[in-house]
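Asks: my questions are about this predicted structure, shown below with the sequence.
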Amino acid sequence: MIKLWGRTTSSNVMKVLWTLDELALPYERIDAGGAFGGTDTAEYRRMNPLGLVPSIEDGGLRLFESNSIIRYLCNAYAPDSTLYPRAPGPRAEVEAWMDFQQTAQSRPASTIFIGLIRTPAERRDQGAIAAAVVELGRIWAICGDRAAAQGGFLCGPAPSLADIAFGPHLHRWFHMPIDNRPDLPRLRAWYDAMRTRPAFLRHVAVAVE
Ligand SMILES: N[C@@H](CCC(=O)N[C@@H](CS)C(=O)NCC(=O)O)C(=O)O
């Protein structure tokens, strides 16, 4: 059975939970990270060198990095899933959007989340948060336009791992107390498309904490 380490409030753990659920894979989840701790032991760090979540163990394999984990799950258990198309071109497109999430989207998203949700109001760097909202708004406009052009999701009319990589951050964007959130109807349509997935509602569309 697949073992997953990670608290359910982590955006990167949510990606794995959403994927496991879409693929109907059985798993055991162990609370780790944040207030649960458990990530600062030598044993845990052999699995995840920075002591972050998520991590998985499957048979003899131990794996970290959420995007690599969800690609592995499709490769190992659902090679024909539309979540991660086999053909080189469509597959590369999904991977490019997943890379874009990690390299461009996660930094401003993290500034906003840490600033608004994890930092007491009196200690917030409002300037940094406002700049991150502008930066992330530009990225969200790109994503919304892309999903509209593709017929609903980033890489076509059906969801893929690319959408799963962004989903937790997109939910937070609409549920954090953000000032001057730009009005992006195509982004909202992409979010609404995600909300048609029961697995998204179960694991991602939850209280932001
Ligand atoms: N690039 C990594 C980032 C992992 C990461 O930053 N995880 C955060 C939670 S979203 C974490 O472990 N924070 C410390 C903690 O929860 O103890 C991934 O995608 O898996």
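Replies: Cool, the structure landed. Residues are numbered from 1 along each chain as shown.
Asks: all strands for this structure, in order.
Replies: Secondary structure of the chain (DSSP state E): strands located at 2-5, 27-30, 55-58, 61-64.
Asks: mean neighbour count, mean pLDDT and distance to P159 for those - can I get that in a markdown table?
Replies: In this view, the C-beta of every residue, glycine as well, is placed from N, C-alpha and C. Rendered in a markdown table, the data for those read as follows (neighbours: other Cβ atoms under 10 Å; pLDDT from 0 to 100; distance: least, Cβ to Cβ, whole Å):
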| stretch | mean neighbour count | mean pLDDT | distance to P159 |
| --- | --- | --- | --- |
| strand 2-5 | 20 | 98 | 20 |
| strand 27-30 | 14 | 98 | 20 |
| strand 55-58 | 22 | 98 | 21 |
| strand 61-64 | 15 | 98 | 22 |
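Asks: so for the ligand, which of those strands sits nearest?
Replies: Closest to the ligand of the strands of the chain, according to Cβ to the nearest ligand atom: strand 61-64, at 6.2 Å.
Asks: and that closest one, what does it pack onto?
Replies: With contacts defined as 3 or more Cβ pairs under 8 Å, 6 or more residues apart in numbering; DSSP states H and E, the packing partners of strand 61-64 are helix 42-47, strand 55-58, helix 66-77.
Asks: at 6 Å what do you get?
Replies: Under the contact criterion of 3 or more Cβ pairs under 6 Å, 6 or more residues apart in numbering; DSSP states H and E, strand 61-64 touches no helix or strand at all.
Asks: the longest helix anywhere in the chain: how far from the chain's middle?
Replies: Residue-count comparison of every helix in the chain, with assignments taken from DSSP state H, identifies helix 126-150 as the longest. The gap between the average C-alpha position of helix 126-150 and the chain average comes to 16 Å, counting by Cα atoms, centre = their mean, to the nearest Å.
Asks: do the same with stretch 51-66
Replies: The gap between the average C-alpha position of stretch 51-66 and the chain average comes to 16 Å, counting by Cα atoms, centre = their mean.
Asks: who's in contact with the residue nearest in space to the middle of the chain?
Replies: Centroid check for the chain by Cα atoms, centre = their mean gives A165 as the closest residue, at 3.8 Å. By Cβ atoms under 6 Å, 6 or more residues apart in numbering, A165 lies in contact with 15, 67, 98, 101.
Asks: quick one: contacts for the third one?
Replies: Neighbouring residues of M98 by Cβ under 6 Å, 6+ apart: 67, 162, 165.
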